[in-house]
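Chemist: Predicted model and sequence below, questions to follow.
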Amino acid sequence: MKNVETLGIMVTNARQRKVTLKNYMKNHHFSKLRMFSFSPTDIDWEHRRIRGLHLRNMKWETGSFSFPKVIYNRCYNSEMETIDRLEQIIGRNKCFNQINQFDKLEIHQAINRWLSPHVPDTLPYSNDNLEQMIHLHKLVFLKPCHGHMGKGVYRIEQRDTGELHISNHYVMPSIIVGSISQLLTESERFVGQVPHLIQKGIFTNNLNNRTFDIRVLVQKNKNGLWSTTNVISRVSYAGCFNTSIYERACLAMDVLKKLYPAKSVRDMMNTIYNLSLRTAEILELDSGIHLCEVSVDLVIDLEGHIWIIEVNGMPQKSLYDELPISRRAIYSRPLEYGYYLSKR
């Protein structure tokens, strides 16, 4: 077919090839794009061929492919070695989402330079910094710099009595200590040698006594421009502060309408859109990493102020399965961007 371009979707291992490619193929309507999926171990560097999976005549087949015009990286990675080698062959910036396992501290430093009124105070973990942050804010979160899905996140709150409550996933403390020195002993035990950050805790507005966040999926479109695909909320289980452990997901607009008057909701949504788009633009410009999609997590405090909590480089797309929205754009936009890129 004339003007058909080839796009390769790179996944972490061979087991992920079919499920990943299947999701993109059933949600895309782009006839000018031929796709196959592969893992880094499928690349034959010597002969410049890739062993990939594709759908041919309604059957899944493994074949040998020349290097595609464009590669969409769906590996969860923090290193550029494989990407650099691929781009030496297919061309500079022809791989997108080059790195998608972000360092949370580097992300904070990048967006804080431009969006500081909406970014909580954040410092690298050390005993001195933890003591300082507890003294200033009373509530902090301790997070692995390369964590995901809320794993290894601890909530630390200093109560009026001076007690320090340490929680994991749920607000109910799993550890209570009576002094900063005891807190430092405990924190060193669960931090270990893994790089962590300390983030100011936000006392958030809740929905029926349940924590909720706002997740914005920001993707590049067929014209190569950043755009918002959707805005949803994850509502946690009762007593749980970690919205990765959520009871339900829904449209963010539906949550906000239950808590705020109509004009406030409109103003908040405008702020949410603007902050999310600017975050994506800033990250790409600051890091020099070629991106196509990020998800931006935000919360709203008790005064109605909006805070950027985290940015994820590999959005969790299964999150949208249960929502009454079209999933097509979620999957088709990266493909449309890939086609746009192949023509440049």
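Modeler: Yes, it's here.
Chemist: Could I get the contacting residues of the residue lying closest to residue 223 once chain neighbours are set aside?
Modeler: Leaving aside its sequence neighbours, residue 223 sits nearest to residue 340 (CB to CB, 6 or more residues apart in numbering; 6.7 Å). To be clear about C-beta, it is placed using only N, CA and C from the backbone, and glycine gets the same treatment. Counting by CB atoms under 8 Å, 6 or more residues apart in numbering, residue 340 makes contact with 222, 223, 224.
Chemist: If you rank those residues by neighbours, which is first?
Modeler: residue 222 (15 neighbours; other CB atoms under 10 Å).
Chemist: contacting residues around the closest residue to residue 103 other than its chain neighbours?
Modeler: Of all residues not flanking residue 103 in the chain, residue 145 sits nearest, at 5.2 Å (CB to CB, 6+ apart). Taking CB under 8 Å, 6+ apart, we find residue 145 in contact with 103, 104, 105, 194, 195, 196, 197.
Chemist: any idea how far residue 146 is from the first one?
Modeler: For residue 103, the distance to residue 146 equals 6 Å [CB to CB, to the nearest Å].
Chemist: After the helix or strand encompassing residue 277, heading C-terminal, what element do we hit next?
Modeler: Element membership for residue 277 (DSSP states H and E) is helix 262-287. Downstream of helix 262-287, the next assigned helix or strand under DSSP H and E is strand 293-300.
Chemist: C-alpha coordinates for that next one, PDB please?
Modeler: C-alpha atoms of strand 293-300 as PDB (Å, rounded to 0.1, in the frame of the first residue of the first chain):
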ATOM      1  CA  GLU A 293       3.100  10.700  26.500                       C
ATOM      2  CA  VAL A 294       3.100  11.200  30.200                       C
ATOM      3  CA  SER A 295       0.500  11.100  33.000                       C
ATOM      4  CA  VAL A 296       0.500  13.900  35.500                       C
ATOM      5  CA  ASP A 297      -0.900  13.200  39.000                       C
ATOM      6  CA  LEU A 298      -2.400  16.200  40.900                       C
ATOM      7  CA  VAL A 299      -4.300  16.700  44.200                       C
ATOM      8  CA  ILE A 300      -6.400  19.500  45.600                       C
END
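Chemist: Note down every partner strand of that strand and its orientation.
Modeler: Strand 293-300 has these partner strands in its sheet, going by DSSP bridges: strand 212-220 (antiparallel), strand 306-312 (antiparallel).
Chemist: Can you tell me who residue 306 pairs with across the strands?
Modeler: Assigned bridge partners for residue 306, using DSSP bridges, are residue 300.
Chemist: Just the buried residues of the helix holding residue 277, please?
Modeler: 265, 268, 271-272, 275-280, 282-284, 287 (16 or more other CB atoms under 10 Å).
Chemist: Equivalent analysis for stretch 86-101, please.
Modeler: 86, 87, 90, 94, 95, 96, 97, 98, 99, 100.
Chemist: ok, so what distance separates the fifth one from residue 32?
Modeler: What it means is residue 95. If you measure residue 95 against residue 32 using CB to CB, the figure is 20 Å.
Chemist: Let me see the backbone angles for the residue nearest to residue 103.
Modeler: Dihedral pair for residue 145: phi -60, psi -30, per degrees, to the nearest 10.
Chemist: got the buried residues for the strand or helix carrying residue 182?
Modeler: Here residue 182 sits within helix 180-191, counting by DSSP H and E. Buried residues in helix 180-191, counted by 16+ other CB under 10 Å: 180, 183, 184, 186, 187, 191.
Chemist: Adding pLDDT, write those out as a markdown table.
Modeler: Listed next are these as a markdown table, based on pLDDT from 0 to 100:
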| residue | pLDDT |
| --- | --- |
| 180 | 96 |
| 183 | 97 |
| 184 | 96 |
| 186 | 95 |
| 187 | 95 |
| 191 | 93 |
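Chemist: Out of those, which comes closest to residue 316?
Modeler: Checking the buried residues of helix 180-191 against residue 316 with CB to CB, the nearest one is residue 191 at 25.3 Å.
Chemist: Is residue 177 bridged to anything, and to what?
Modeler: Beta bridges link residue 177 to residue 164, judged by DSSP bridges.
Chemist: Tell me how many other residues surround it.
Modeler: Neighbour count for residue 177, taken as other CB under 10 Å: 18.
Chemist: Show me the buried residues of stretch 86-101 that map onto helices.
Modeler: Taking DSSP state H, the ones among the buried residues of stretch 86-101 that sit in helices are 86, 87, 90.
Chemist: Could I have the CA atoms of the helix holding residue 182 written out in PDB?
Modeler: Output of helix 180-191 as PDB, limited to C-alpha atoms (Å, rounded to 0.1, in the frame of the first residue of the first chain):
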ATOM      1  CA  ILE A 180      12.900  12.400  65.800                       C
ATOM      2  CA  SER A 181      15.900  10.200  66.700                       C
ATOM      3  CA  GLN A 182      13.600   7.100  66.800                       C
ATOM      4  CA  LEU A 183      12.100   8.200  63.400                       C
ATOM      5  CA  LEU A 184      15.500   8.400  61.800                       C
ATOM      6  CA  THR A 185      16.300   4.900  63.000                       C
ATOM      7  CA  GLU A 186      13.100   3.600  61.500                       C
ATOM      8  CA  SER A 187      13.400   5.500  58.300                       C
ATOM      9  CA  GLU A 188      17.000   4.300  57.700                       C
ATOM     10  CA  ARG A 189      15.700   0.700  58.100                       C
ATOM     11  CA  PHE A 190      13.100   0.900  55.300                       C
ATOM     12  CA  VAL A 191      15.100   3.200  53.000                       C
END
